[in-house]
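[1] Need coordinates for the below:
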Amino acid sequence: MRNENELQGVSLLGDTGVKYPTEYAPEILETFVNKHPGSEYLVTFICPEFTSLCPKTGQPDFAKIIINYIPRERMVESKSLKLYLFSFRNHGDFHEDCINIILKDLKKLMDPLYIEVKGIFTPRGGISIYPFANWGDENHQELVKSRLAASFVNEI
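    Okay, the predicted model is just below:
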């Protein structure tokens, strides 16, 4: 069981009065200590209801966002991640920008060993867009290259 010291900085979890942000809000992200920093393991988040806005038309875009990371010392708290992803609801940016922003914000927040973010956006105008971005430290460059190569879509 985690003690109070290990839960410092986790304020949103269990707070039933939390308000959903209406604008992009990276400051809402919270972390907690990884109790297993000597073990490399994978954490996956899937957000099936991500929304953002087209920066030109203001029309809504919908996607499934998949985040995979190998933690180092800090891990992202899931409720804060949910609220952070919700904060894109009124954010006007292209699909590729949203994915790269998410990757950069989480990288800065946690300093993971490896992280990747993929967006599976609902087709609009007859075209599907599946942006993928990843990053790894110096010991995970082979993973960076192999995961990027594996993300190329040949056909569905």
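
[2] quick check: mean pLDDT across the longest helix along the chain?
    The helix spanning the most residues in the chain, taking DSSP state H as the definition, is helix 95-110. Across helix 95-110, pLDDT averages out at 98.

[3] For the next helix or strand after it, enumerate the helices and strands it packs against.
    Secondary structure here is assigned by DSSP states H and E; on that basis, the next helix or strand after helix 95-110 toward the C-terminus is strand 114-121. The helices and strands touching strand 114-121, judged by 3 or more C-beta pairs under 8 Å, 6 or more residues apart in numbering; DSSP states H and E, are strand 60-70, helix 95-110, strand 132-136, helix 141-150. All C-beta atoms are positioned from the backbone trio N, CA, C, and that covers glycine.

[4] Any chance of the ones you listed in JSON lines with distance to Ser87 and mean neighbour count as columns?
    Formatted as JSON lines, the entries for these read as follows, by distance: least, C-beta to C-beta, whole Å; neighbours: other C-beta atoms under 10 Å:
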{"stretch": "strand 60-70", "distance to Ser87": "13", "mean neighbour count": "19"}
{"stretch": "helix 95-110", "distance to Ser87": "10", "mean neighbour count": "18"}
{"stretch": "strand 132-136", "distance to Ser87": "19", "mean neighbour count": "19"}
{"stretch": "helix 141-150", "distance to Ser87": "26", "mean neighbour count": "12"}
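
[5] residue ranges with poor pLDDT in this structure?
    155-156 (pLDDT under 70).

[6] Leaving out sequence neighbours, find the closest residue to Phe94.
    Across the structure, with C-beta to C-beta, 6 or more residues apart in numbering as the measure, the residue nearest Phe94 apart from its sequence neighbours is Pro55 (6.3 Å).
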